[in-house]
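Novice: only geometry, no sequence info:
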């Protein structure tokens, strides 16, 4: 289980969030641009430190201002898929997926075996030696997800996971992504501006406004709040 109580001063407001995500549960964060959604992911993954608060994952403290604990990002066992995918364009598919394992100094034979297994699971084996710059948006999405999952993370953070995927391919990719998340069986947070993503990926929906959680419930409950301007627009008016 993930538990977050974190605050950080941003340029226009103080982000102050409290949320939790159970094992095998997917929480979808929605809200206006600049509401702090991606910042929440960065605080959890360790890219940014909170000014104060506490973050725990599977009963392990990742950050605590009171106890002065701040586990480095690379030691948090979190798979983070960025909106841009952040793949290395000069590397092949297999080299990108292997990068995190090599940073952990995993022995070469184990890296090769683990990467091959992950590529097969993501239907990428035939692209193993292809430079990622030659891939489609959907293929790059699968590579980025494979790179996040190959580390056997305890938590998945997905920032606009389908934003770079062609509209015609999004339905199939959304189903594949949902299956991969379910099979991982770990807590997952998805940031999206897409209604279909929220409905098909989320077990719960969380609405952020200027760094504050103003609604948290099932997708049906939160999307029923048509008096909220963002929700009215997001859900189609």
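Specialist: In hand now; what should we look at? This structure is a prediction, so every number in the text was calculated from the model and none was measured. Numbering: from 1, shown residues only.
Novice: show me the contacts for residue 182.
Specialist: By Cβ atoms under 8 Å, 6 or more residues apart in numbering, the residues touching residue 182 are residue 24. Quick note: C-beta positions are derived from backbone N, CA and C, even for glycine.
Novice: how far away is it from residue 158?
Specialist: 13 Å (Cβ to Cβ, to the nearest Å).
Novice: same question for residue 66.
Specialist: Distance from residue 66 to residue 158, by Cβ to Cβ: 30 Å.
Novice: neighbour count winner among these two?
Specialist: In this view residue 66 and residue 158 are compared by other Cβ atoms under 10 Å, and residue 158 has more residues nearby, 27 against 8.
Novice: would you confirm that the more buried one contacts residue 187?
Specialist: No - the criterion here is Cβ atoms under 8 Å, and residue 158 misses it with residue 187 at 11.6 Å.
Novice: residue 206 contacts residue 30, doesn't it?
Specialist: Yes - the pair residue 206 / residue 30 is scored as a contact, 7.3 Å apart, by Cβ under 8 Å.
Novice: overlap in contacts, those two.
Specialist: By Cβ under 8 Å, 6+ apart, the residues touching both residue 206 and residue 30 are residue 222.
Novice: quick one, which of these two is more surrounded?
Specialist: Higher neighbour count among residue 206 and residue 30: residue 30, with 27 against 22, using other Cβ under 10 Å.
Novice: in the sheet, who's paired with the more buried one?
Specialist: On DSSP bridges, the residues paired with residue 30 through beta bridges are residue 207.
Novice: just give the number of residues close to residue 3.
Specialist: 17.
Novice: just for this protein, where's the confidence low?
Specialist: 237 (pLDDT under 70).
Novice: show me where it has strands.
Specialist: 2-9, 14-21, 26-30, 52-57, 60-64, 69-70, 78-81, 155-159, 188-191, 204-209, 212-217 (DSSP state E).
Novice: between these, which gets nearest to residue 135?
Specialist: strand 78-81 (15.2 Å; Cβ to Cβ).
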